[in-house]
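Visitor: Give the three-dimensional model of this entry:
(4 chains)
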There are 2 protein chains.
Amino acid sequence: MPNTASPQQSGIGAVRVYPDKTPVYYQGDAATRIFRVNSGVIMTFRLLEDSRRQITGFCTEGEFFGLSPDGEHMDGAVTVTSAGVQSVSISALETDADLRAQLLDHSWRKVEDAQNLMMTLTKSSSEARVAAFLVMLAERRKRRGAKQDENAIEVRLPMSRLDIADYLGLSRETVSRRLNDLQGLGLIALPDTHTANITEIDGLRRKAGTVVTG
Amino acid sequence: MPNTASPQQSGIGAVRVYPDKTPVYYQGDAATRIFRVNSGVIMTFRLLEDSRRQITGFCTEGEFFGLSPDGEHMDGAVTVTSAGVQSVSISALETDADLRAQLLDHSWRKVEDAQNLMMTLTKSSSEARVAAFLVMLAERRKRRGAKQDENAIEVRLPMSRLDIADYLGLSRETVSRRLNDLQGLGLIALPDTHTANITEIDGLRRKAGTVVTG
DNA sequence: CGAAAGCTTGACGAGCTTCAACTCCTGTGG
DNA sequence: CCACAGGAGTTGAAGCTCGTCAAGCTTTCG
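Guide: Just a heads-up that it's a prediction; the model follows:
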């Protein structure tokens, strides 16, 4: 593992840039480092024996991933887009109290996100799930300070339909259908496969029922 | 709030005993304390506007609950059985490094559990979910040092069928049907509604596919 | 420019939810 | 002591949503 020299900033060590669709670590790997997204999008996922997949999260700028209690990664991580990733040895936790505090806060949020996702997965129709997914992405863009007209939020969908499906617990066909339905209802526009223009965020929220904040 | 004097053990403060089916805190309450189960069973859940419910976990001896990043509880908590609960002010985190370390570890496990549950919820048939639920309870009993014959594990089901349903994302009718199916297959016996005797844990595991460890 | 991968659309069937009726158990009051 | 009411659980029947299979279409990339 070729690690570049580490700029010491708040306990954060080596920085590295990955091309898109590149693994960062594999499920089952020894968990020796903690990761944080600098730029781009990372997704984490778990695999079953029969090669089914649950995507457990899409991580964007500022988010931690790769946390593991037992020294072994329970999920895998790949880049969706090209991404910059910081990492720090897990042993740095011993000495860096600030990092520990950050991680504790972040972990609680992760639990919250996971529970939100559970609500979406069990209690919602396919339409509600897809709507919730779009709302989540819109919220995330807004949080990142993308100041824009409320009535034409452009959301990027760098991941494939199958990725979305495996996140929402649906088939790729259903994702495709529901996206088109929402377009037919005039809530969104789909100029190309990887872009969604939200024209009625309120209507979308109503469809979503519960907002996924993860 | 009648808090008894606090036995200081590893930063854990006030102890309190609740009868069964008693709220410990409500969704939306200010999160000023952190809780830990001393005895009995607690369940945490989230509500939607339309009064649907997702049970996010059943907590038994030793488990923490009520962790919240934003000073407000995102879930509610009630006792399933009569239960002893320790609690400590959230401000104790500042001074107690040992508690912080425990919580960080516990939080990561919670994320893992939530993700396991997600796998179960999205990728499994109703039969697999119910089987996974029973295996989870059996594992938990074993972990608690209940040394017993592998071929007659008695599992208590103190929660209602609806509670199980809301945990597994099913209807109570389906839970009922699948439990009876498993009994018909000779994998379990149901002497009464709140007891399941697992007679073939391996067969049950096979049905479950993925084991829920939460 | 052509091949491969990703996406969409249609038809069909399985599995779960919903609705409804009935049973069982518990507790309460006459 | 028994009748009755209410909640929880079970069981049956019908309907709908979503997954699966299959074919056609579009985008991407060498």
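Visitor: Got the domain ranges for chain A?
Guide: Per the record, chain A has its domains at A:15-119, A:125-208, by automatic domain parsing.
Visitor: of the ones you listed, which approaches B:G66 most closely?
Guide: In terms of CB to CB, the element of those nearest to B:G66 is domain A:15-119, at 10.6 Å. Just so you know, the C-beta spots here come from the backbone N, C-alpha and C atoms, and that holds for glycine as well.
Visitor: is the closest one up against chain B anywhere?
Guide: Yes. Using CB under 8 Å from any CB of the partner chain, domain A:15-119 reaches chain B at A:46, A:48-50, A:52, A:54, A:56, A:67-69, A:74-75, A:100-101, A:103-105, A:107-112, A:114-115, A:117-119.
Visitor: List only buried entries from those.
Guide: Taking 16 or more other CB atoms under 10 Å in any protein chain shown as the criterion, what is buried in the residues of domain A:15-119 next to chain B is A:46, A:54, A:56, A:67-69, A:74-75, A:100, A:103-104, A:107-112, A:114-115, A:117-119.
Visitor: Validate this expectation: A:S87 resides in a strand.
Guide: Yes. Counting by DSSP: H, G, I helix; E, B strand; the rest coil, A:S87 falls inside a strand.
Visitor: Tell me how far it lies from DNA strand D.
Guide: As judged by CB to the nearest atom of the strand, to the nearest Å, A:S87 and DNA strand D stand 27 Å apart.
Visitor: I am assuming that residue contacts A:R16, so please confirm or correct that.
Guide: Yes. A:S87 is within contact range of A:R16, at 7.1 Å (criterion: CB atoms under 8 Å).
Visitor: what sits against the residue most central in space within chain A?
Guide: Centroid check for chain A by CA atoms, centre = their mean gives A:F58 as the closest residue, at 1.1 Å. Counting by CB atoms under 8 Å, 6 or more residues apart in numbering or on different chains, A:F58 makes contact with A:41-43, A:80, A:159, A:167.
Visitor: and chain A, which of its residues are near DNA strand D?
Guide: Residues of chain A found near DNA strand D (CB under 7 Å from any atom of the strand) are A:125-127, A:169-171, A:173-174, A:192-194.
Visitor: Just the buried residues of those.
Guide: If you count burial by 16+ other CB under 10 Å, the buried members of these come out as A:126-127, A:169-170, A:174.
Visitor: for these, which one is nearest B:Q27?
Guide: Closest to B:Q27, out of all of those and judged by CB to CB, is A:G169, at 23.9 Å.
Visitor: What is the neighbour count of the closest residue to the closest one other than its chain neighbours?
Guide: Distances taken as CB to CB, 6 or more residues apart in numbering or on different chains place B:T122 nearest to A:G169, at 3.1 Å, with adjacent residues excluded. Number of residues near B:T122 (other CB atoms under 10 Å in any protein chain shown) recorded here: 21.
Visitor: rewinding a little: okay, the contacts of A:F58 in JSON lines with distance to A:A132 next?
Guide: Shown next, in JSON lines, are the contacts of A:F58 (distance: CB to CB, whole Å):
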{"residue": "A:V41", "distance to A:A132": "18"}
{"residue": "A:I42", "distance to A:A132": "21"}
{"residue": "A:M43", "distance to A:A132": "17"}
{"residue": "A:V80", "distance to A:A132": "19"}
{"residue": "A:M159", "distance to A:A132": "15"}
{"residue": "A:Y167", "distance to A:A132": "11"}
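Visitor: ok, the residues you listed vs DNA strand C, which is closest?
Guide: Distance to DNA strand C across the contacts of A:F58 (CB to the nearest atom of the strand) is lowest for A:M159, with 7.6 Å.
Visitor: so that closest one sits in a helix?
Guide: No. Looking at A:M159 with three-state DSSP, it is coil, so not inside a helix.
Visitor: Would you list the phi and psi of it?
Guide: Backbone torsions for A:M159, taken as degrees, to the nearest 10, come to phi -80, psi 160.
Visitor: what's the spacing between it and A:L170?
Guide: Remark: distance between A:M159 and A:L170 (CB to CB, to the nearest Å) = 14 Å.
Visitor: And for A:P23?
Guide: Going from A:P23 to A:L170 by CB to CB gives 24 Å.
Visitor: I figured A:I34 hits A:E63, correct?
Guide: No. Counting by CB under 8 Å, A:I34 stays clear of A:E63, with 11.6 Å between them.
Visitor: The two: which is more packed in?
Guide: The residue with more neighbours, out of A:I34 and A:E63, is A:I34; 22 against 19, by other CB under 10 Å.
Visitor: check contacts around the more buried one.
Guide: Neighbouring residues of A:I34 by CB under 8 Å, 6+ apart: A:64, A:66-67, A:87-90, A:92-93, A:103.
Visitor: for A:R46, same thing?
Guide: So A:R46 contacts A:27, A:53-54, A:56, A:74-76, B:115, B:119 (CB under 8 Å, 6+ apart).
Visitor: in a strand, that's where it is, yeah?
Guide: Yes. Judged by three-state DSSP, A:R46 forms part of a strand.
Visitor: Show me what it is bridged to.
Guide: Judged by DSSP bridges, the bridge partners of A:R46 are A:Q54.
Visitor: could you measure it against B:F64, distance?
Guide: Separation of A:R46 from B:F64 (CB to CB): 23 Å.
Visitor: Helix or strand next in line after the lowest-mean-pLDDT helix or strand in chain A, which one?
Guide: The least trusted helix or strand in chain A, going by mean pLDDT, DSSP states H and E, turns out to be helix A:92-95, with a mean of 87. Next helix or strand after helix A:92-95 toward the C-terminus (DSSP states H and E): helix A:97-123.
Visitor: Check the offset of that following helix from the chain's centre.
Guide: The chain centre lies 12 Å from the centre of helix A:97-123; the measure is CA atoms, centre = their mean, to the nearest Å.
Visitor: Most remote residue from the middle of chain A, which is it?
Guide: Computed with CA atoms, centre = their mean, the residue of chain A farthest from its C-alpha average is A:T95, at 28.9 Å.
Visitor: Compare the domains of chain A and report which one is nearest to B:R143.
Guide: Minimum separation from B:R143 across those (CB to CB) falls at domain A:15-119, 14.3 Å.
Visitor: Please see if that closest one touches DNA strand C.
Guide: No. Judged by CB under 7 Å from any atom of the strand, domain A:15-119 stays clear of DNA strand C, getting no closer than 8.5 Å.
Visitor: so how far is the first residue of that domain from its last?
Guide: Start to finish, the residues bounding domain A:15-119 are 35 Å apart (CA to CA, to the nearest Å).
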